[in-house]
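Participant: Turn this into a model:
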Amino acid sequence: SRARSRPPWPTSWDAAGRCSSGLWDMPCWCCVRWCTFGTTTTTTTATATTTMALPALPAAAAATALASCAPAAAAIKSAILTGSHVLPVAGLTAISAAAVVPLTLVRQAYSFSVGYGAAVAAMCASLIGIFGLPSPLSKAAWSAGAGGGGATAAAAPQLMAYAGLIYGVRLAAFLFLRELVVPSKKEQIKKLDKTSRPARVPFAAAVGMFYAFMVSPVLYAIRSGAALSCPLGICSAAILSKVQWAGVMLAFLGLSVEATADMQKFLVKRDYDYTSSFVGPTGGLYGLSRHPNYAGEILFWAGMFLGGLPAFGKNVVAWVTGSIGLWGIVSIMTGATKRLDEKQADRYESEMAYKSWREDVKAPLFPFVNE
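Facilitator: Numbers count the residues shown, from 1 in each chain. Sure, this is the predicted structure:
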């Protein structure tokens, strides 16, 4: 093949992190891919193959790259802390999209799996950092309350943020590790790469906005603190505080149910990856519900919405975004439950083990709420 010429490799940088040789006299974005992935490279011409050492990327270039992100980060922080109308949710959307979009470029299906968990974790971690929330295990978390709600009212939003962080980290890690361990899952996710990478970006950004809607009750609960209010003025602060705490407990219950159900299903099915027979699980939580992992997810987000509800007051944006987020995830989970029931019925209808389990466990989602 015809050898193609290339500009000379950079040999030094100035204080601003610029390459000093030839066509490379520009900010070091163009050569960062070579500089950061190793110290040597091999180039091939029509006559010879040579190996040359590459200098390390200077700290000045890294600092320049980080500094370029500072204005955007400051704008997001300001919107979340003090922004009005749609600005707080827009700030959350930016954080969510920053987590979802890169992962969607890796695998299209990650927008609904690993990217989902990563986005929730990123938003809640950002809220913890932006508002300087103390650890729920520290005394400061229980003594920072102010106003009529007292210290415990201020602690509830903090627990919501940490619940979201735990939820997101656990879900993203579980889904990613399951993909590594279960070959069929890896193949299934790879087959869903049907769209070009540039075309995935707008969709991934829209998905990130939906995730921001789901987390928005946490944002408004933290911003409100102990200053809870009822839009009709018929509820006392004490009642609203109890409602918020009920939401916190429901969220942690849902988190526990989903995590337990996911692990139970994984442990049962991991050794039967390519089997065509029904293997369960049929006991534990799956003896009470056919899809307890989906039920746990609904409980979690219902709890997050309930925990944020007393902070909505007359804020129309809070009501709209929070309601859309809850309605959306409940619709997704109920739809997934119906599709999976139909798929299992078509696949295992002739197997006695499946028929017996289906007859014994009549609740698709919540125990005692039969189909």
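Participant: Find the residue ranges of the stretch 201-350 of the chain scoring beneath the pLDDT cut-off.
Facilitator: Counting by pLDDT under 70, the stretch 201-350 of the chain contains low-confidence ranges at 232-233.
Participant: ranges for the strands of it?
Facilitator: Shown for the stretch 201-350 of the chain, no strands are assigned by DSSP state E, counting those that start in this stretch.
Participant: those helices in it, which residues are they?
Facilitator: When secondary structure is read from DSSP state H, counting those that start in this stretch, the stretch 201-350 of the chain shows helices at 237-269, 292-312, 316-348.
Participant: Out of those, indicate the one that is most buried.
Facilitator: Among the helices of the stretch 201-350 of the chain, ranked by average contacts under mean count of other CB atoms under 10 Å, first place goes to helix 292-312 (a mean of 25). Where C-beta positions appear, they are placed from N, C-alpha and C, glycine not excepted.
Participant: same for that helix, what does it pack against?
Facilitator: Counting contacts by 3 or more CB pairs under 8 Å, 6 or more residues apart in numbering; DSSP states H and E, helix 292-312 packs against helix 150-181, helix 197-224, helix 237-269, helix 316-348.
Participant: R358 is nearest to which of those?
Facilitator: In this view, those are compared for proximity to R358 by CB to CB, and helix 316-348 is the closest at 7.6 Å.
Participant: The nearest residue to A98 once chain neighbours are set aside - how many residues pack around it?
Facilitator: With CB to CB, 6 or more residues apart in numbering as the criterion, A98 has its nearest non-adjacent residue at 7.0 Å, and that residue is A122. Here the number of neighbours of A122 (other CB atoms under 10 Å) works out to 25.
Participant: again with R200
Facilitator: 22.
Participant: Please tell me how far it sits from A206.
Facilitator: When CB to CB, to the nearest Å is applied, the distance between R200 and A206 equals 11 Å.
Participant: Y286 now?
Facilitator: Using CB to CB, Y286 is found at 34 Å from A206.
Participant: The two: which is more packed in?
Facilitator: Between Y286 and A206, Y286 has the larger neighbour count (other CB under 10 Å), namely 19 against 13.
Participant: what's the nearest residue to that one once chain neighbours are set aside in contact with, if anything?
Facilitator: Of all residues beyond its chain neighbours, the one nearest Y286 is P292 (6.3 Å), with distances taken as CB to CB, 6+ apart. Residues touching P292, when contacts are defined by CB atoms under 8 Å, 6 or more residues apart in numbering, comprise 257-258, 260-261, 285-286, 365.
Participant: Dump the helices of the stretch 201-350 of the chain to CSV, plus distance to L127.
Facilitator: Supplementary listing: the helices of the stretch 201-350 of the chain in CSV, determined by distance: least, CB to CB, whole Å:
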stretch, distance to L127
helix 237-269, 15
helix 292-312, 12
helix 316-348, 15
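Participant: nearest to G164, of these?
Facilitator: helix 292-312 (6.9 Å).
Participant: now could you export just the CA positions of that closest one as CSV?
Facilitator: Written as CSV, here are the backbone C-alpha positions of helix 292-312 (Å, rounded to 0.1, in the frame of the first residue of the first chain):
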residue,chain,number,x,y,z
PRO,A,292,-39.9,-9.2,42.6
ASN,A,293,-37.0,-7.3,41.1
TYR,A,294,-39.4,-5.2,39.1
ALA,A,295,-41.6,-4.8,42.1
GLY,A,296,-38.6,-3.6,44.1
GLU,A,297,-37.7,-1.0,41.5
ILE,A,298,-41.3,0.4,41.6
LEU,A,299,-41.2,0.6,45.4
PHE,A,300,-37.8,2.4,45.3
TRP,A,301,-39.0,5.1,42.9
ALA,A,302,-42.4,5.4,44.6
GLY,A,303,-40.5,6.0,47.8
MET,A,304,-38.3,8.6,46.3
PHE,A,305,-41.3,10.5,44.9
LEU,A,306,-43.1,10.3,48.2
GLY,A,307,-40.1,11.5,50.0
GLY,A,308,-39.9,14.6,47.7
LEU,A,309,-43.6,15.2,47.7
PRO,A,310,-43.7,17.4,50.9
ALA,A,311,-41.1,19.7,49.4
PHE,A,312,-43.0,20.4,46.1
